[in-house]
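# output the structure for:
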Amino acid sequence: MTVESIRQPSPALDLTASPNPPITVENGSPRTIVITVAVRDCKMAPRNAGLPFLDVTLRNARAKQDQSFILGDQYARDLARAVTDYCEQPPRLS
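Below you'll find the model as predicted:
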């Protein structure tokens with residue numbers, strides 16, 4: 001199977017994955033993918049996203065499919081805390 005893309009729906013956040021898709025996953029062999037989310041726009045960033053999800057496009061030899069994955073309460077809390085902490089920092093002096 002190949003993970004073709006990983007996305008999140010908020011235009012206020014940027015998402016990167018490491019390794020960068022496309023990522024081949026062999027049958028029976030798990031792969032670790034590190035997701036990094038960065039704030040693009042604090043005014044629009046979700047401060048308390050109840051069930052944030054990731055959109056993932058998967059492909060194998062027979063089909064291509066888009067899936068949405070809710071990563072759970074811990075991800076939601078971590079994302080909300082990180083966005084709040086980042087967006088409430090005092091402005092940096094040049």
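
# tell me which other helices or strands the lowest-mean-pLDDT helix or strand in the chain touches.
Scoring the helices and strands of the chain by mean pLDDT, DSSP states H and E places helix 73-87 at the bottom, with a mean of 89. Secondary-structure packing of helix 73-87 (3 or more C-beta pairs under 8 Å, 6 or more residues apart in numbering; DSSP states H and E): strand 34-39. No exception for glycine: its C-beta is placed from N, CA and C like everyone else's.

# what are the contacting residues of the strand it packs on?
Identification of contacts with strand 34-39 by C-beta atoms under 8 Å, 6 or more residues apart in numbering yields 6, 8, 12-18, 45, 54, 79, 82-83, 86-87.

# one more time with 6 Å
Contacts with strand 34-39, where a contact means C-beta atoms under 6 Å, 6 or more residues apart in numbering, come from 13, 14, 15, 16, 17, 18, 45, 83, 86.

# ditto for stretch 41-56
6-8, 10, 12, 39, 67-70, 76, 79-80, 83-84, 87.

# ends of it, what's the gap?
Stretch 41-56 stretches 23 Å from its first residue to its last (C-alpha to C-alpha, to the nearest Å).
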